[in-house]
Structures are given as C-alpha cells and as structure tokens.
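# I need the structure of the sequence given here:
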Amino acid sequence: MFRGRVVPVAVLVPILATATPRMAAAQIRRSPDSLVYRANQQKPPWPLLIDSFPRLDTSGLVQLPSGRFLYRANITLRFKDNVSDSAKVAFFNRHRMTVVGVTRSGQFFAGIPDPGSSLEALFTVLEQLNNEPEIFVAVSLDFSPLEPARE
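This next block holds a predicted model:
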C-alpha cells in the first residue's frame with residue numbers, strides 16, 4: 001500500500017517539471033503594446049490641463065453685436081480621431097499657433113497670430129481652420145470677466 005502512494009508522486013514530479021517551463025516560455029510575448037514600449041514613447045509637447053484653466057491672452061478682445069466679448073488671439077479646437085500627435089505638432093507649426101493646454105478629452109486651447117480687431121477677421125481665421133482636413137472643429141472662446149466680489 002505504501003508503494004501505491006509513492007509511485008504516482010514520483011511519476012507526476014517529472015511531468016510537472018517539464019510541462020511548466022514550456023508553458024511559461026510559450027506565454028511570454030513581446031508586443032508593441034507592452035509597458036516597455038509605452039515608457040519609451042515621448043509625451044506630447046503641450047501642457048495637460050487637469051486642475052487648472054488655460055492662461056489666455058486677455059489683451060486682445062473683439063466685441064459681438066450682442067455686447068459679449070470673444071478672445072481674438074485664443075481659440076479652442078478638436079482634431080479628428082485619426083490624427084497623430086506628430087501631425088498635430090506639424091499643424092500647429094504650420095499655422096504658427098501656440099498650444100496653451102489640452103484637456104484629457106482632447107480639447108486644445110491655442111493661441112493664434114492676432115487676426116486684427118475686427119470680428120470678421122477672427123471668423124475668417126476660424127473658417128480657414130475648420131476647412132483643414134485634420135480639424136474636427138475650431139471655435140472662438142467667450143471672454144467672461146470675473147464678477148465683482150460681494151461684501
């Protein structure tokens with residue numbers, strides 16, 4: 001009876017010893033999605049807006065007929081989904097734009113070369129940007145002055 005118990009254990013040990021390394025070796029794969037690959041990628045060259053607002057240029061505003069004001073040298077835009085970071089950098093360079101920040105959802109706040117003091121000039125720039133193949137939408141930003149503090 002003692003031999004019956006020892007024999008199965010002696011037989012299983014060599015099987016497990018040979019099977020385990022083969023399985024472990026078969027499971028190790030290198031893929032471009034590995035953590036090593038992600039760690040080597042460069043971060044985008046623009047600031048991520050997590051808990052702060054973008055610093056916008058308040059020196060240049062243009063007034064709408066309604067009395068509201070728009071920033072004339074700052075806009076917000078979104079790229080189409082298939083646009084790479086390098087294509088975004090090239091787009092900003094081509095249009096001489098400065099990225100003020102980007103949200104996690106992909107909304108960019110950018111400074112543009114000052115189009116001038118007219119509302120039509122700002123709308124012309126926005127129309128040109130919206131006609132670019134990389135752009136999903138480019139829009140102006142409303143200027144909202146701080147409300148006076150209540151005493």
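# am I right that residue 141 is in a helix?
No: counting by DSSP: H, G, I helix; E, B strand; the rest coil, one finds residue 141 to be strand, located in no helix.
# that one: what's it in contact with?
Applying C-beta atoms under 8 Å, 6 or more residues apart in numbering, one finds that residue 141 lies in contact with 56, 70, 71, 74, 75, 76, 109. C-beta here means a position set from N, CA and C on the backbone, and glycine is covered the same way.
# domain map for the chain?
Listed domain ranges for the chain are 2-40, 61-143 (source: automatic domain parsing).
# pLDDT (mean, whole number) over the shortest one?
Across domain 2-40, pLDDT averages out at 38.
# stretch 112-120 too?
Confidence over stretch 112-120, taken as the mean pLDDT, stands at 94.
# in that stretch, what's buried?
112, 115, 119 (16 or more other C-beta atoms under 10 Å).
# residue 73: which element?
Remark: residue 73 resides in strand 69-79, with elements defined by DSSP states H and E.
# tell me which strands and helices that strand is in contact with?
Taking 3 or more C-beta pairs under 8 Å, 6 or more residues apart in numbering; DSSP states H and E as contact, the helices and strands that strand 69-79 lies on are strand 61-63, strand 108-111, helix 119-130, strand 135-143.
# most tightly packed of those?
Across the helices and strands packed on strand 69-79, the average number of neighbours (mean count of other C-beta atoms under 10 Å) peaks for strand 108-111, which reaches a mean of 22.
# coming back round to it: from the contacts of residue 141, pick the one nearest residue 47.
Of all the contacts of residue 141, the one sitting nearest residue 47 is residue 109; the distance, using C-beta to C-beta, is 9.5 Å.
# show me what that closest one bridges to in the sheet.
With beta bridges defined as DSSP bridges, residue 109 has these partners: residue 76, residue 101.
# ok, residue 104 - how many residues close by?
The local packing of residue 104 (other C-beta atoms under 10 Å) involves 8 other residues.
# I'd say it and residue 48 touch.
Yes: if you go by C-beta atoms under 8 Å, residue 104 and residue 48 touch, sitting 7.0 Å apart.
# quick one, the strand holding residue 73 and strand 135-143 angle?
For strand 69-79 and strand 135-143, the angle between their directions (axes from the mean of the first three to the mean of the last three C-alpha atoms, to 10 degrees) works out to 160 degrees.
# mean confidence (pLDDT) on strand 69-79, please.
96.
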